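Peer 1: Attaching a predicted model along with its sequence, questions to come.
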Amino acid sequence: MTARQDHHGLGRRRFLTTAALGGATIVGATALGGLDADAAFAAPAPSLDPAIATTSFVEGRITGITGSILEVAGSHGDNSRVQMTNATSVWKVRETTAEVIEVGDGLYARGVPMPDGTVAADAVWVNIVNLHTTIRGIEKRRLHLAHGRHELVGNIIDGTSNASYAGRAPTSDLSRLRIGQAAQVLGAWRPADDSVDIVRVTVGH
Amino acid sequence: MACGSTSLWAGETSWFCCGNAWGPCASTGGGACGNCRSGANHGAWPNASQACWDITRPDLCGENIPRRGCGSVMNVRHQCSGATVCITITDCGPRTKEWCGEATCCNGTCRTNRVLDLTPAAFSAIGSLSSGKLPVYIYE
């Protein structure tokens, strides 16, 4: 069964509940999220299943991983438990699997509230950031960025990092980036060194 | 105030973080209105005030966006999926002038110019954060 089939049949809430309870083997659930940027643009599928009347959003740092449960400390003092299922789509630099999630990672998740207080995640985005920056320096393997009053290192990842110039389609050619340009950086924060792995840098005219 | 159904604008929306947060977002603060939170359904509007307008300058992209200040509510609908989220304006942005002419498309129809920024909570209610931007209709 795929998420798309579920969209037309089994209710999404029941689908996730079943998955959360471990009663189904389901792959490829991307109706809500977890697609990489290019795939999202290429596939105009509904980003959110309208059948879901109420979903929950979770934000914070992962403080523990117990089996398929992520313990999350919210940035405003709240705590949440996120239930990963085999239908949960996971993004961490790219579409990936739950095995790459680590304690200390930052997280955004959206899913369905369960009776036991957990949130059965439809999608989790790990360490994802989308920052308005200014390019301060350019090296072969990294960009030096100003984000507000802070300096930030953006790591260029072979086969992943791309650039969009003046609204054009993304390209792996980063050579047209210029110091002083305003740049929107979509990427993944690295908790270990506080840098960001660049997925896409978007610059205007 | 409840979200309405009167058409206000259309264009691209991106997303941003604000309030207490992890990683590089930790330094972003509560935004122009002081109460912006990544985990709430909030948004940033390019004409939240005159000072805001002077920064974002959507008119340079041909977008004479009306003034809607802190606390204004809007319904934001994904152009293709129809997924909708009701947001409250709590910040100024995006800097529309920096991406004049940029388009985001789905089902062969495009929306041009960044006219709205959503918090992760709001953006993820209508699309995937990894897409970075979405084409939307905005109502009030």
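Peer 2: Now that the structure is in, tell me what you want to look at.

Peer 1: in chain B, which helix or strand is least confident?
Peer 2: strand B:103-106 (a mean of 92; mean pLDDT, DSSP states H and E).

Peer 1: okay, which residue is most central for chain A?
Peer 2: Centroid-nearest residue in chain A, with C-alpha atoms, centre = their mean: A:Trp125, separated by 2.6 Å.

Peer 1: Now do the same for that one: its pLDDT.
Peer 2: For A:Trp125, the pLDDT comes out at 98.

Peer 1: hang on, the earlier thing: packing partners of the least confident helix or strand of chain B?
Peer 2: When contacts are defined as 3 or more C-beta pairs under 8 Å, 6 or more residues apart in numbering or on different chains; DSSP states H and E, strand B:103-106 sits against helix A:37-42, strand B:109-112, strand B:134-139. (Glycine included, C-beta is placed from N, CA and C.)

Peer 1: Next, the buried residues of whichever helix or strand comes after the first one.
Peer 2: Downstream of helix A:37-42, the first helix or strand assigned by DSSP states H and E is strand A:56-66. The neighbour-count criterion (16 or more other C-beta atoms under 10 Å in any protein chain shown) identifies A:Ser56, A:Phe57, A:Val58, A:Glu59, A:Gly60, A:Arg61, A:Ile62, A:Ile65 as the buried residues of strand A:56-66.

Peer 1: Adjacent strands (with direction) for strand A:56-66?
Peer 2: If you go by DSSP bridges, strand A:56-66 pairs up with strand A:69-73 (antiparallel), strand A:106-113 (antiparallel).

Peer 1: For my notes, please list those strands in JSON lines and give mean neighbour count for each entry.
Peer 2: Listed next are the strands paired with strand A:56-66 as JSON lines, based on neighbours: other C-beta atoms under 10 Å in any protein chain shown:
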{"stretch": "strand A:69-73", "mean neighbour count": "20"}
{"stretch": "strand A:106-113", "mean neighbour count": "24"}
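
Peer 1: Now tabulate these in JSON lines and tack on mean pLDDT.
Peer 2: Converted to JSON lines, these look like this (pLDDT from 0 to 100):
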{"stretch": "strand A:69-73", "mean pLDDT": "98"}
{"stretch": "strand A:106-113", "mean pLDDT": "97"}
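
Peer 1: wait, does stretch B:21-33 make contact with chain A?
Peer 2: Yes: Stretch B:21-33 lies within reach of chain A by C-beta under 8 Å from any C-beta of the partner chain, at B:Ala21, B:Trp22, B:Gly23, B:Pro24, B:Cys25, B:Ser27, B:Thr28.

Peer 1: Tell me where chain A has helices.
Peer 2: Ranges of helices within chain A are A:3-8, A:12-20, A:37-42, based on DSSP state H.

Peer 1: and those, which one's lowest on average pLDDT?
Peer 2: In terms of mean pLDDT, the lowest-scoring of those is helix A:3-8 (a mean of 35).

Peer 1: what residues are up against the spatially closest residue to B:Ser124 that is not a sequence neighbour?
Peer 2: Nearest non-adjacent residue to B:Ser124, counting by C-beta to C-beta, 6 or more residues apart in numbering or on different chains: A:Arg110, 4.7 Å away. For A:Arg110, the contacting residues are A:Leu32, A:Gly33, A:Thr55, A:Ser56, A:Phe57, A:Val58, A:Ala121, A:Asp122, A:Ala123, B:Ser124, B:Ala125, by C-beta atoms under 8 Å, 6 or more residues apart in numbering or on different chains.

Peer 1: do you know how far A:Arg110 is from A:Glu59?
Peer 2: Between A:Arg110 and A:Glu59 the computed distance is 10 Å (C-beta to C-beta, to the nearest Å).

Peer 1: for chain A, where's the lowest mean pLDDT among helices and strands?
Peer 2: Result, chain A / mean pLDDT, DSSP H and E: helix A:3-8, a mean of 35.

Peer 1: Backbone dihedrals for the spatially closest residue to B:Phe16 that is not a sequence neighbour, please?
Peer 2: In this structure, B:Phe16 finds its nearest non-sequential neighbour in B:Asp117, 4.8 Å apart by C-beta to C-beta, 6+ apart. For B:Asp117, the backbone dihedrals are phi -120, psi 140 (criterion: degrees, to the nearest 10).

Peer 1: And B:Asn47, by the same measure?
Peer 2: phi -120, psi 60.

Peer 1: burial measure for it, as a count.
Peer 2: Counted by other C-beta atoms under 10 Å in any protein chain shown, the residues lying close to B:Asn47 total 22.

Peer 1: in stretch A:159-176, what's buried?
Peer 2: A:Thr160, A:Ser161, A:Asn162, A:Ala163, A:Ser164, A:Tyr165, A:Gly167, A:Pro170, A:Leu174.

Peer 1: Now for the fifth one: which residues touch it?
Peer 2: Okay, so that is A:Ser164. A:Pro170, A:Thr171, A:Arg200, A:Val201, A:Thr202, A:Val203.

Peer 1: can you give me how far the helix or strand hosting B:Asn75 is from the chain middle?
Peer 2: For B:Asn75, the enclosing helix or strand under DSSP H and E is strand B:73-78. In terms of C-alpha atoms, centre = their mean, to the nearest Å, the centre of strand B:73-78 is found 9 Å from the chain centre.
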